[in-house]
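Q: Sequence first, predicted model second:
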Amino acid sequence: MPIALLPGNCASGPSGHENHEGDDEVEDIFRYVEDHASEYTEMLYSACRQPSISAQNVGMREMATLVRDLLLKTGAVTEILETSGNPFVYGFLDAGRKKTLSCYNHYDVQPVDPIEEWESDPFVPELRDGRIYARGVADNKGNLLARICAVHAWLQVRGTLPVNMKFICEGEEEVGSPHLKEFPVKYPEKMKTDGILWEGGSRNIGGPVHVALGAKGMCYVEMKIRTAVSDLHSANAAVIPNPAWILVRALNSLKDAEENILIEGFYDGVKPLTDLDREYLEKLPYDEKTTLEQFGTKDFLLGLSGYPLRKRLLYSPTCNIAGMISGYTGPGGKTVLPAVASAKMDIRLVPDQDPDRIFGLLRAHLDRNGFGEIELSRGSSKPPFRTDPSHPLASSVIRCVREVYGAEPAVYLNLSGTSPIYDLCSAARIGAVQVGVANEDSRAHAPNENIFLRDYIDGIKLVAAVMEDFSRV
């Protein structure tokens, strides 16, 4: 029995599709997708039933095998490519075309904690009020399956594809993609492509689909200081340095009350906004009221709103304390002088900041300000990434969003978050575009992760339309 598709997160009517110029070329594909919605939804369910928590090494090999089997369902030539961590899954469909479109996705998911806040089993997909709830359904299995199903629908209806298709699927995105940079080095032939649809992507609920062409970079660091061999009685605080206080003072030296980052030379690499940046930023929709309500926050930082708020969100670097640990934090009281204090920080970077340089500047700042005893170690690092909006794939995706959803997309030249896409695309200067099936209330990385069923089916249609349009650009 077909699954009833509720309007859900749909701006263009119950079918999720209106007749627009250019649709006729793929109308038969769209009909097939609608008629086989149950089959494609079950394929997504099968992926979501398989746990694949990379941080805990749960179900990773089984999930890689499942992704391979789903690609085999399209007739792709597939390989499981080993790394010293979780393997890549690669698929290739050679349609004998001049143009190749690639899809980069990941098959790993975040841990489910806190499990008690889930309203249903995170690995038993459940459809409620038009939304599919499951861990990984938004990030990133919904997008991966939408792309696989679009290829499957094309082949069922037409027997061949308008472009050659490649799938590059990793299993470590949720732990920083430590081996992704190896892929273009080890497999340059597999990287040959005319453009990449990259993992992720969402839309405003009932509003525009997001098309992203760039992302901030990242320099993730841990600061740690030890002042004694073990925790001591707090009576010794009169004569023994407290590492927590030293760490607090060091952290306080990094930013002022107006949120300016005080690391010497930090802003030197920031590229000024271009006229094009300002043009896209001016027309970018951002629902401030709904965002504040979703976050449970009264005001935005510094009381910003409008254009200055959007500019800061997308084009300003950050220096964020992600977590701090020191001493005793359990129930009741314990008068202790901690021996160790540590903090983890993510520093988001904008064009043209370099994470290597930023790490060096941070080390120099600590030394210069009397915090040389603080150990500084480095985690995930990614430079910022940007695809020019004139790239053929960008133009194609924007055009197809208009056709499938009947509305203009919200085009982000720069996302506020970070993506590993730089590791795949930078050396060969490959253009990459992010568009997907999640929504601003998908709760990725949190309990009750979800997508709208309607968005998933429309996402299949969108990829099908892009395949056709991109083949002719």
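A: Arrived safely, thanks for sending.
Q: Just the CA trace of the helix of greatest length in the chain, in CSV.
A: Scanning the chain for the longest helix, with DSSP state H as the assignment, gives helix 453-472. Written as CSV, here are the backbone C-alpha positions of helix 453-472 (Å, rounded to 0.1, in the frame of the first residue of the first chain):
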residue,chain,number,x,y,z
LEU,A,453,8.3,12.8,4.4
ARG,A,454,7.2,15.3,1.8
ASP,A,455,10.6,16.9,1.8
TYR,A,456,12.3,13.5,1.3
ILE,A,457,10.1,12.8,-1.8
ASP,A,458,10.6,16.3,-3.2
GLY,A,459,14.4,15.9,-2.5
ILE,A,460,14.4,12.8,-4.8
LYS,A,461,12.7,14.8,-7.5
LEU,A,462,15.1,17.7,-7.1
VAL,A,463,18.1,15.5,-7.7
ALA,A,464,16.4,13.9,-10.7
ALA,A,465,15.8,17.3,-12.1
VAL,A,466,19.4,18.5,-11.5
MET,A,467,20.7,15.4,-13.3
GLU,A,468,18.8,16.4,-16.4
ASP,A,469,19.4,20.1,-16.2
PHE,A,470,23.1,19.8,-15.4
SER,A,471,23.6,17.5,-18.4
ARG,A,472,22.5,20.3,-20.7
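Q: Determine the set of other helices and strands touching it.
A: Under the contact criterion of 3 or more Cβ pairs under 8 Å, 6 or more residues apart in numbering; DSSP states H and E, helix 453-472 touches helix 27-35, helix 37-49, strand 100-106, strand 131-133, helix 142-158, helix 392-405. (Glycine included, C-beta is placed from N, CA and C.)
Q: Let's have the ones you listed in TSV, adding distance to residue 83 and mean neighbour count.
A: Output for the helices and strands packed on helix 453-472, formatted as TSV (distance: least, Cβ to Cβ, whole Å; neighbours: other Cβ atoms under 10 Å):
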stretch	distance to residue 83	mean neighbour count
helix 27-35	34	18
helix 37-49	21	19
strand 100-106	13	25
strand 131-133	30	23
helix 142-158	19	25
helix 392-405	27	22
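Q: Please convert the ones you listed to JSON lines, extending it with distance to residue 125 and mean pLDDT.
A: Shown next, in JSON lines, are the helices and strands packed on helix 453-472 (distance: least, Cβ to Cβ, whole Å; pLDDT from 0 to 100):
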{"stretch": "helix 27-35", "distance to residue 125": "19", "mean pLDDT": "97"}
{"stretch": "helix 37-49", "distance to residue 125": "4", "mean pLDDT": "98"}
{"stretch": "strand 100-106", "distance to residue 125": "18", "mean pLDDT": "98"}
{"stretch": "strand 131-133", "distance to residue 125": "6", "mean pLDDT": "98"}
{"stretch": "helix 142-158", "distance to residue 125": "10", "mean pLDDT": "98"}
{"stretch": "helix 392-405", "distance to residue 125": "24", "mean pLDDT": "96"}
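Q: I'd like to know which of the ones you listed is closest to residue 123.
A: helix 37-49 (5.8 Å; Cβ to Cβ).
Q: After that closest one, which helix or strand is next?
A: helix 60-72 (DSSP states H and E).
Q: Partner strands of the helix or strand following that following helix, with direction?
A: Downstream of helix 60-72, the next assigned helix or strand under DSSP H and E is strand 77-81. Counting by DSSP bridges, the strands paired with strand 77-81 are strand 88-93 (antiparallel).
Q: measure residue 188 to residue 387 for me?
A: Distance, residue 188 to residue 387, by Cβ to Cβ, to the nearest Å: 20 Å.
Q: Same drill for those two, tell me which one is more crowded.
A: Each of residue 188 and residue 387 has its neighbours counted (other Cβ atoms under 10 Å); residue 387 has more, 24 against 11.
Q: tell me the contacts of the more buried one?
A: For residue 387, the contact set (Cβ atoms under 8 Å, 6 or more residues apart in numbering) comprises 213-214, 393-394, 425, 431-433.
Q: What of residue 410?
A: So, once contact is read as Cβ under 8 Å, 6+ apart, residue 410 ends up touching 203-204, 207-211, 284-285.
Q: want to throw these into a markdown table with pLDDT, secondary structure and distance to residue 455?
A: Output for these, formatted as a markdown table (pLDDT from 0 to 100; DSSP: H, G, I helix; E, B strand; the rest coil; distance: Cβ to Cβ, whole Å):
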| residue | pLDDT | secondary structure | distance to residue 455 |
| --- | --- | --- | --- |
| 203 | 92 | strand | 7 |
| 204 | 86 | coil | 11 |
| 207 | 86 | coil | 12 |
| 208 | 93 | coil | 13 |
| 209 | 96 | strand | 9 |
| 210 | 96 | strand | 12 |
| 211 | 97 | strand | 14 |
| 284 | 93 | coil | 20 |
| 285 | 90 | coil | 17 |
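Q: Could you tell me which of those count as buried?
A: With neighbours counted by 16 or more other Cβ atoms under 10 Å, the contacts of residue 410 contain buried members at 203-204, 207-211, 284.
Q: Tell me who's in contact with the residue most central in space within the chain.
A: For the chain, residue 200 is the residue whose C-alpha lies nearest the centre (Cα atoms, centre = their mean; 4.8 Å). The contact partners of residue 200, by Cβ under 8 Å, 6+ apart, come to 139-140, 143, 212, 419, 434, 436, 438.
Q: what about it, which SS state?
A: coil (DSSP: H, G, I helix; E, B strand; the rest coil).
Q: measure it to residue 438 for me?
A: 7 Å.
Q: Overlap of the contact sets of those two?
A: Residues touching both residue 200 and residue 438 (Cβ under 8 Å, 6+ apart): 139, 143.
Q: Quick check: end-to-end length of stretch 431-441?
A: 28 Å (Cα to Cα, to the nearest Å).
Q: Would you indicate which residues of it are buried?
A: By neighbour count with 16+ other Cβ under 10 Å, stretch 431-441 contains the buried residues 431-441.
Q: Fine, thanks again, bye for now.
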